[in-house]
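A.B. asks: Provided below are the primary sequence and the corresponding predicted coordinates.
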Amino acid sequence: MLNSFMKNSTIMKIGLVCPASLPATQFGGILFLALDIARETAKLSHDVVIYTTDLDFANNATTFNKKLPREESIGDFTIKRSHTWLRYSLFFINPGIYFQLLGDSPDIIHTIGIRSFQSFIAALVSKQKKIPLVIADQGGLTTHPELKSGSLLKKFFIKLQSP
């Protein structure tokens, strides 16, 4: 039903926001969900951009690469990366994503993995520009293990990211 609706609608600029994308396949579920949504919506002729960090392929979540292309076309969608200035655990701070989203002004923003700097920025831009926001909790909104056993700083970041 949704596919038939989207095929008959106008072309939309869809902004997918997540903490990691290709080539960082070690990041797992959030990345693969974003790629799948990007591929499927691009098949329906929508203009799809994934906004993310410059996390590189490695067997960890701490290898960032300024040399990755800032913008890269993969099939029918685009990945826009901005450099991560600072990280704390899996909280990657890449301020450039704010300016990318603000400048591109998508018709809708879909953020995946609510407990991230990227989702916080997506919500901020959504509110500032009155862009509809879709939130997909991939990773545990209320079940995150750090909620009970994490350090005070981790608990602060988790609370900061609550919708």
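C.D. replies: The structure has been received and is ready for your questions.

A.B. asks: only C-alpha atoms for contact and neighbour calcs from this point on.
C.D. replies: Fine.

A.B. asks: where along this structure do the strands fall?
C.D. replies: Here the chain has its strands, by DSSP state E, at 13-17, 47-53, 71-74, 77-82, 86-88, 91-93, 108-112, 133-136.

A.B. asks: need the winner for burial among these.
C.D. replies: strand 47-53 (a mean of 26; mean count of other CA atoms under 10 Å).

A.B. asks: what about the protein, any weak spots by pLDDT?
C.D. replies: The model of the chain has pLDDT under 70 over residues 1-9, 23-28, 59-60, 138-150, 154-155, 157-163.

A.B. asks: what sits against residue 83?
C.D. replies: With contact set as CA atoms under 8 Å, 6 or more residues apart in numbering, residue 83 has these partners: 53, 54, 64, 65, 66, 94, 95, 96.

A.B. asks: one step back: and of the strands of the chain, who's closest to residue 29?
C.D. replies: strand 108-112 (9.8 Å; CA to CA).

A.B. asks: can you give the distance of that closest one from its chain's centre?
C.D. replies: Distance, stretch centre to chain centre, for strand 108-112: 7 Å (CA atoms, centre = their mean, to the nearest Å).

A.B. asks: neighbouring contacts of that strand?
C.D. replies: Residues outside strand 108-112 that contact it (CA under 8 Å, 6+ apart) are 12-18, 30, 34, 118-119, 122, 126, 131-138.

A.B. asks: neighbouring strands of that strand in the sheet, and parallel or not?
C.D. replies: strand 13-17 (parallel), strand 133-136 (parallel) (DSSP bridges).

A.B. asks: and those strands as JSON lines, adding distance to residue 152?
C.D. replies: Shown next, in JSON lines, are the strands paired with strand 108-112 (distance: least, CA to CA, whole Å):
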{"stretch": "strand 13-17", "distance to residue 152": "27"}
{"stretch": "strand 133-136", "distance to residue 152": "26"}
